[in-house]
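**Q** Predicted coordinates and the sequence they were generated for:
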Amino acid sequence: MLEGNLLIQFRRFYLFKMKRIFTPLLAASVLLAQLTHAEDASHANVAARPSPAWLRTGTIYEIYPRDFSVAGNLNGVTARLDDLNVLGVNILWIMPIHPIGTKFRKGQFGSPYSISDYYAVNPDYGTLDDFKKLVAAAHQRGMKVIMDLVANHTAWDSVMMTNKNFYKQNENGKVIPPVPGWTDVAGLDYRSPALREYMIAMLKYWITETGVDGFRCDVAYMVPTDFWEQVRAALTKVKPDLMLLCEASKPELLTNAFDIDYSWPLLATMNNVFLHNAPATDLRKTWEESLRLFPKDSLHLRISDDHDEARAVARYGLNGALAASVLMFTLDGVPLLYNGMEVGDATESGDPALFDKLNIFWQPKERPPLEKIYHDLIQLRKNYPAFTNDRLIWLPNSDETKVVSFMRLDGNDEFVITINLSNRPVTTSLKVENAKDFQPVKISGQPDSSADSLPHFQLDGFGWRIFHRAVAK
């Protein structure tokens, strides 16, 4: 059974997400289905499918083309690739690029997740050639590109509506949305073999036509697992090192279908720590529960901000958001940056802002040098395999209600990470062998920490330190 902290956080997080869009009855039923899967710990006895090395060592950057530039198109993304390359990110997740339906549209522009034609490019974004140029330009800079796949539903005026059997229907034969609150989309029915063939052929098209390196699969938990396994088998024949990211926290999806999922339980716990004064120790408990429930060597997307949430700087404050990012970048897994996060952009995200155009403020006032900080965190992941393996040891400290401390290590290096998750200064100490051998890591834009030493240290509110020791041979 899923117990204690993780069960509580699953419940809180899913209800938080669903209460904005679902009826209470449906929210409860979907939540129950998710928890049923999560409660099955049998998946911990099997191995996760191996993921590409470029994913495990990467940093993902999510791009919303509508808001990423003033032009709001694909060429506006291509124009900033050098900036992203300097930042150090090497996997670009492009949110849906397809035409948006007009029937029952929400907002001025509509949701990018209400797609009218999977084979086309939104004319507001440009052309197929524009997308090909974006992918090619990213590849020239050593970056991978993944597309956003919306397999659960389409727009009501989708070209697929000519085949009603592709869609979920009520007892009267009327096409229905996947959940009542999603009024701008119609639910797809994967009991249809023809639908499965259509979707897989479409995915092959984008790989062969544009050279994309994978897909982020929207609400993957609402689509049958056996379809995703079909997708994996078919696409691997086309591109063996393909990456599939599922928007889900469902252990069975990582055994045969997906390379990586969302660490939603950890995000839920982090929200509870920052917003509701839960003890920092809950983060370790959630991490350990996930380790117990998921297949061995499972890979999780470490997120503090994305297009579904209020911006992290709005939830946690600027310094708190940075502390949350440091945690996501130094834990095991793959970290995510979202659309201007590297400059502290606070432009609203999620619905209803998702349905309109709100440009990123690339030069907001009174921000710390976040780009330099994120750059240095990314370089640590690139230069030291200790940050991209699955070895992590939690270290006891003297103020564990506020401070998390852990070690990342391999045969060459050991790093100690300490993060104050409260807004008050702390003086604390931790237990670690060879404490005097650790030296503070210099991070651009951070106060000089050359005088800091373990095992005793001070941290400002939301302060953090990273210490390094080369392992003697």
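**A** Ah, there it is.

**Q** what domains does the record give for the chain?
**A** Structural domains assigned to the chain are 46-383, 392-470, following automatic domain parsing.

**Q** Now render the ones you listed as a markdown table, adding mean neighbour count and mean pLDDT.
**A** From N, CA and C alone the C-beta is placed, and that goes for glycine too. Output for the domains of the chain, formatted as a markdown table (neighbours: other CB atoms under 10 Å; pLDDT from 0 to 100):
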| stretch | mean neighbour count | mean pLDDT |
| --- | --- | --- |
| domain 46-383 | 19 | 96 |
| domain 392-470 | 17 | 94 |
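
**Q** and the nearest residue to Val185 once chain neighbours are set aside, what is it in contact with?
**A** The spatial neighbour of Val185 that comes closest, neighbours along the chain excluded (CB to CB, 6 or more residues apart in numbering), is His153 at 3.9 Å. Residues near His153 by CB atoms under 8 Å, 6 or more residues apart in numbering: 113-114, 177-178, 182, 185-188.

**Q** Phe68 contacts Asn339, doesn't it?
**A** Yes. Using CB atoms under 8 Å, Phe68 is in contact with Asn339, at 6.1 Å.

**Q** Identify the contacts common to those two.
**A** Counting by CB under 8 Å, 6+ apart, the contacts common to Phe68 and Asn339 are Ile360.

**Q** all strands for the stretch 1-150 of the chain, in order.
**A** Assigned by DSSP state E, counting those that start in this stretch, the stretch 1-150 of the chain shows strands spanning 60-63, 91-94, 144-149.

**Q** Could you spell out the sheet neighbours of the first one, each with its direction?
**A** By that I understand strand 60-63. On the basis of DSSP bridges, the sheet neighbours of strand 60-63 come out as strand 91-94 (parallel), strand 334-338 (parallel).

**Q** Val403: which of those is closest?
**A** Among those, strand 334-338 comes nearest to Val403, with 20.5 Å by CB to CB.

**Q** which other residues reach the closest one?
**A** Outside of strand 334-338, the residues within contact range by CB under 8 Å, 6+ apart are 55-56, 58-62, 87, 89, 260, 299-303, 305-307, 325, 328-329, 349, 374, 377, 381.

**Q** what's the longest helix in the protein?
**A** If you go by DSSP state H, the chain has its longest helix at helix 193-210.

**Q** which residues of the stretch 151-300 of the chain fall in strands?
**A** Remark: strands assigned in the stretch 151-300 of the chain by DSSP E, counting those that start in this stretch are 153-155, 185-187, 214-217, 243-246, 260-262, 300-302.

**Q** Serialize these to TSV and add fields for distance to Arg469.
**A** Formatted as TSV, the entries for the strands of the stretch 151-300 of the chain read as follows, by distance: least, CB to CB, whole Å:
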stretch	distance to Arg469
strand 153-155	51
strand 185-187	52
strand 214-217	36
strand 243-246	33
strand 260-262	30
strand 300-302	24
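
**Q** Lovely, talk soon.
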